[in-house]
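Asks: give me a 3D structure for the following:
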Amino acid sequence: MDITVELVPPQMAVRLTATGAVGDVAWYEDQGATDRAVGTGGVVIDRAAPLNRPLTYFATDDEGSEVADPIT
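Replies: Numbers count the residues shown, from 1 in each chain. Next comes the predicted model:
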């Protein structure tokens with residue numbers, strides 16, 4: 001699975017995209033001691049992302065997980 005994370009400024013959101021996934025894709029935001037569930041699916045829009053701070057997202061599917069590069 002390959003994942004991409006990109007800012008969508010007009011929507012003040014983050015678009016999360018998974019390609020080549022096997023089974024269901026679940027997205028999470030790494031918040032240190034806890035992880036916040038963002039949504040499920042090949043493409044997810046996170047409108048709850050806090051602005052102006054680094055975020056790290058990761059996705060899991062039936063074969064494992066992938067971590068995206070941090071985004072601000």
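Asks: quick one: low-confidence parts of this protein?
Replies: 49 (pLDDT under 70).
Asks: the residue nearest to Leu51 when sequence neighbours are not counted: neighbour count?
Replies: Leaving aside its sequence neighbours, Leu51 sits nearest to Met12 (Cβ to Cβ, 6 or more residues apart in numbering; 7.1 Å). Placement of C-beta: from N, CA and C, glycine included. Neighbour count of Met12, defined by other Cβ atoms under 10 Å: 10.
Asks: Met12 is in contact with Ala48, isn't it?
Replies: No. Using Cβ atoms under 8 Å, Met12 is not in contact with Ala48; the gap is 10.3 Å.
Asks: hey, where'd the helices end up in the chain?
Replies: For the chain, helices defined by DSSP state H do not occur.
Asks: centroid-nearest residue for it?
Replies: In the chain, the centroid-proximal residue (Cα atoms, centre = their mean) is Tyr57; its distance is 4.1 Å.
Asks: residue contacts, Asn52?
Replies: Neighbour list for Asn52: Thr72 [criterion: Cβ atoms under 8 Å, 6 or more residues apart in numbering].
Asks: roughly how far does it sit from Ile71?
Replies: Between Asn52 and Ile71 the distance is 11 Å, computed by Cβ to Cβ, to the nearest Å.
Asks: just Arg47 next, same as before
Replies: Relative to Ile71, Arg47 is positioned 15 Å away (Cβ to Cβ).
Asks: between these two, which is the more surrounded one?
Replies: Between Arg47 and Ile71, counted using other Cβ under 10 Å, Ile71 has the larger neighbour count: 14 against 10.
Asks: and that one, how far from Glu63?
Replies: In this structure, Ile71 and Glu63 are 24 Å apart, going by Cβ to Cβ.
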